[in-house]
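Enquirer: here's a sequence, model it:
(chains A and B)
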Amino acid sequence: MLIRIDPGSGVAIYDQIAASVRADASRGTLQPGDRLPAARELADALDVNIHTVLRAYQQLRDEGLVDLRRGRGAVVTDAASAGSAIVASVRTLVADARSAGIPPQTLIALIREEYPA
Amino acid sequence: MTTPATASATRPARSRLPRSIWLVTVALPLVVVAAAVAVQLAWLPQLPDPVATHWGGTAAPNGFGPAWSVVALTAGLGIGLVVLFGVILGTVRGAAPTAMHKFLAVTSLATALFVAVLTTVTLAVQLGLDDARDARLEAWMIGASLGAALLPAVLAWFVLPRAVHPGEQQLPTTPLELAPGERSAWIATTRLRGGVLAVIVVAVVLVVVATVLATFASGGAVWPILIAPVIVALVSVVVGVAWRVRVDASGLLVRTLPLGWPRVRIPIAEVASVTAVQVEPLAEFGGWGWRVSPVGGFGLVARRGDALLVTRRDGRRFTVTVDDAATAASLLAAYAASATQIGERAP
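Expert: Residues are numbered from 1 along each chain as shown, chains lettered A, B, ... in the order given. As a prediction, the model looks like this:
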């Protein structure tokens, strides 16, 4: 599992950690049932405070991407695999848009229309 | 934050071993055995009955039997050994010939030659004799048979294609693009799975049961001798079935689970090059677990497939099997490159 953080990016570190896990899950590198590294180990590897990692894990739990259980650590839930299907659809959609000559802004506008926030 | 652009580790199409390896392992030895059998059959009318079949410490024979038994021994032992080596070679998979493949091939040839030449020589010294007891097999004849077996095998080693090292045909990994000041880490766990794990568990259970039975049967007399293999078996299982691989700014850290020891640590300043490779456990490491082999170097091997290969500045290689090794390799390569630029980098 690859976790990338850039302290100079202005985004909170815990947000970056959570985003990395989300990206790994949607790419299929993380499968349902996989266990995330222990918070202490990840904090050590990234040279950040352990509470930063725990906060990221809690954020992922709130999104339903992982289960946090005492003694078992953070386990990826079935919700993670749903993401990979979307990634495949997005790739197809982008490829179609590109071949049809639709610029990115138009495509994003079309998606916003279908899926208002 | 950008999504890392990692090249997916595509498994190279597995081609077969070169025909020359199979030729030396199977075809040539069979020809040698067949030739020896043919010569021995042609000699049958000129041999005494019975012939000498066994020699003790002196040049004079001390065992006798019918002449056909020597021919049967040549054919049976010769063909049996060739089949055995052929089966082993078929098991040690791999596309390119490693030193392991070549060693099997020339050993098969040498063994077949030795069997064929030595049995033929034992008959040759009895040609034209009326009584096999007059036959003399001198020590130099055995030495000459050995030489006749080894010389072609050594020649075959040099004629066969050069042995390849795992990873040498791979392109160096493209380093991940790191933003200045970026701190990234890659962590994954490898576990022995399926068949290999089952074999280990069965082996350990057998060793333990056998030890317990032997201890009871001997009234407790032999346990000090038998306890050693049990300890070796248990320790090798505890330290060799799972490990966690971690790549971060400080380098590579591999810790066996669940104890976290033994471990392998390669500081980033010692990393000379990094590649993601496809490992063939038998052909490159001669097995699974903690391995040291002239072909693959030092390795921690769980299965065939994705592995991270790190070459240190002093030339030593370390291979560890782990899923998604391509991502690990690109991150480690990126940190190694930036460590080289900065020169002395504090961990």
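Enquirer: CA atoms of the one helix or strand residue A:67 maps to as CSV?
Expert: Element membership of residue A:67 [criterion: DSSP states H and E] is strand A:66-69. The C-alpha trace of strand A:66-69 is given here as CSV (Å, rounded to 0.1, in the frame of the first residue of the first chain):
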residue,chain,number,x,y,z
VAL,A,66,-12.6,0.5,6.8
ASP,A,67,-13.7,-1.2,10.0
LEU,A,68,-11.8,-0.2,13.1
ARG,A,69,-11.7,-3.1,15.6
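Enquirer: packing partners for that strand?
Expert: Identification of packing neighbours for strand A:66-69 by 3 or more CB pairs under 8 Å, 6 or more residues apart in numbering or on different chains; DSSP states H and E yields helix A:50-62, strand A:73-76. In this view, the C-beta of every residue, glycine as well, is placed from N, C-alpha and C.
Enquirer: paired strands for it, with orientation please.
Expert: strand A:73-76 (antiparallel) (DSSP bridges).
Enquirer: mind listing what's buried in the strand it pairs with?
Expert: Across strand A:73-76, burial judged by 16 or more other CB atoms under 10 Å in any protein chain shown covers A:74, A:76.
Enquirer: ok, residue B:65 to residue B:89 distance?
Expert: Distance of residue B:65 to residue B:89, computed by CB to CB, to the nearest Å: 33 Å.
Enquirer: neighbour count for these two, which is higher?
Expert: Neighbour totals were compared for residue B:65 and residue B:89, and residue B:89 leads with 21 against 15 (other CB atoms under 10 Å in any protein chain shown).
Enquirer: contacting residues for that one?
Expert: B:17, B:21-22, B:25-26, B:101, B:104-105, B:108 (CB atoms under 8 Å, 6 or more residues apart in numbering or on different chains).
Enquirer: got the residues you listed as CSV, with neighbour count and pLDDT columns?
Expert: Converted to CSV, the contacts of residue B:89 look like this (neighbours: other CB atoms under 10 Å in any protein chain shown; pLDDT from 0 to 100):
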residue, neighbour count, pLDDT
B:17, 21, 78
B:21, 20, 88
B:22, 17, 89
B:25, 27, 92
B:26, 20, 93
B:101, 29, 85
B:104, 22, 88
B:105, 27, 91
B:108, 25, 93
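Enquirer: the residue positioned nearest the centre of chain A sits in which helix or strand?
Expert: Most central in chain A under CA atoms, centre = their mean is residue A:22, positioned 1.2 Å from the mean C-alpha point. Using DSSP H and E, residue A:22 sits within helix A:13-27.
Enquirer: buried residues in that helix?
Expert: Buried residues in helix A:13-27, counted by 16+ other CB under 10 Å: A:13-14, A:16-27.
Enquirer: what's the pLDDT at the residue in chain A that chain B sits nearest to?
Expert: Residue nearest to chain B within chain A (CB to the nearest CB): residue A:45, separated by 3.7 Å. At residue A:45, the model reports a pLDDT of 92.
Enquirer: confidence-wise, which helix or strand of chain A is lowest on average?
Expert: Each helix and strand of chain A was given a mean pLDDT (mean pLDDT, DSSP states H and E); the minimum falls on helix A:79-99 at a mean of 79.
Enquirer: which helices and strands does the helix or strand following that one pack with?
Expert: Note on helix A:79-99: by DSSP H and E, the next helix or strand toward the C-terminus is helix A:104-114. The contact analysis (3+ CB pairs under 8 Å, 6+ apart) places helix A:104-114 against helix A:79-99.
Enquirer: what angle sits between the helix it packs on and helix A:104-114?
Expert: Counting by axes from the mean of the first three to the mean of the last three CA atoms, to 10 degrees, helix A:79-99 points 130 degrees away from the direction of helix A:104-114.
Enquirer: can I get helix A:79-99 in PDB, CA atoms only?
Expert: Output in PDB follows, covering the C-alpha atoms of helix A:79-99 (Å, rounded to 0.1, in the frame of the first residue of the first chain):
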ATOM      1  CA  ALA A  79     -17.400  -0.900   0.100                       C
ATOM      2  CA  ALA A  80     -13.900  -0.500  -1.200                       C
ATOM      3  CA  SER A  81     -14.400  -2.800  -4.100                       C
ATOM      4  CA  ALA A  82     -17.400  -0.700  -5.300                       C
ATOM      5  CA  GLY A  83     -14.800   2.000  -6.100                       C
ATOM      6  CA  SER A  84     -12.900   0.000  -8.600                       C
ATOM      7  CA  ALA A  85     -15.900  -0.500 -10.800                       C
ATOM      8  CA  ILE A  86     -16.400   3.200 -10.900                       C
ATOM      9  CA  VAL A  87     -12.800   3.800 -11.800                       C
ATOM     10  CA  ALA A  88     -13.200   1.500 -14.800                       C
ATOM     11  CA  SER A  89     -16.400   3.300 -15.900                       C
ATOM     12  CA  VAL A  90     -14.600   6.700 -15.500                       C
ATOM     13  CA  ARG A  91     -11.700   5.500 -17.700                       C
ATOM     14  CA  THR A  92     -14.200   4.300 -20.400                       C
ATOM     15  CA  LEU A  93     -16.100   7.600 -20.100                       C
ATOM     16  CA  VAL A  94     -12.900   9.700 -20.400                       C
ATOM     17  CA  ALA A  95     -11.700   7.700 -23.400                       C
ATOM     18  CA  ASP A  96     -15.100   8.100 -25.100                       C
ATOM     19  CA  ALA A  97     -15.100  11.800 -24.400                       C
ATOM     20  CA  ARG A  98     -11.600  12.200 -25.800                       C
ATOM     21  CA  SER A  99     -12.400  10.300 -29.000                       C
END
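Enquirer: does chain B sit close to that helix?
Expert: No - Helix A:79-99 lies out of reach of chain B by CB under 8 Å from any CB of the partner chain, never closer than 9.9 Å.
Enquirer: quick one: that helix to helix A:13-27, angle?
Expert: Relative orientation of helix A:79-99 and helix A:13-27, computed by the same axes, to 10 degrees: 80 degrees.
Enquirer: got the contact list for the residue of the stretch 201-347 of chain B found nearest chain A?
Expert: Closest to chain A within the stretch 201-347 of chain B is residue B:248: 4.1 Å, counting by CB to the nearest CB. Residue B:248 sits next to A:45-47, B:183-186, B:335 when contact means CB under 8 Å, 6+ apart.
Enquirer: greatest separation within these: which pair is it?
Expert: Greatest spacing in these, by CB to CB: A:47 and B:186 (14.3 Å).
Enquirer: rewinding a little: hang on, the residue nearest to the centre of chain A packs against residue A:64?
Expert: No - shown here, residue A:22 and residue A:64 do not form a contact pair, counting by CB atoms under 8 Å, at 11.5 Å.
Enquirer: correct me, but residue B:226 touches residue B:214?
Expert: Yes - taking CB under 8 Å as the definition, residue B:226 is a contact partner of residue B:214 at 5.8 Å.
Enquirer: in terms of neighbours, single out the busier of those two.
Expert: Applying other CB under 10 Å to residue B:226 and residue B:214 shows that residue B:226 carries more neighbours, namely 17 against 14.
Enquirer: follow-up on the earlier one: turn the helices and strands packed on strand A:66-69 into CSV, including mean pLDDT.
Expert: Shown next, in CSV, are those (pLDDT from 0 to 100):
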stretch, mean pLDDT
helix A:50-62, 93
strand A:73-76, 86
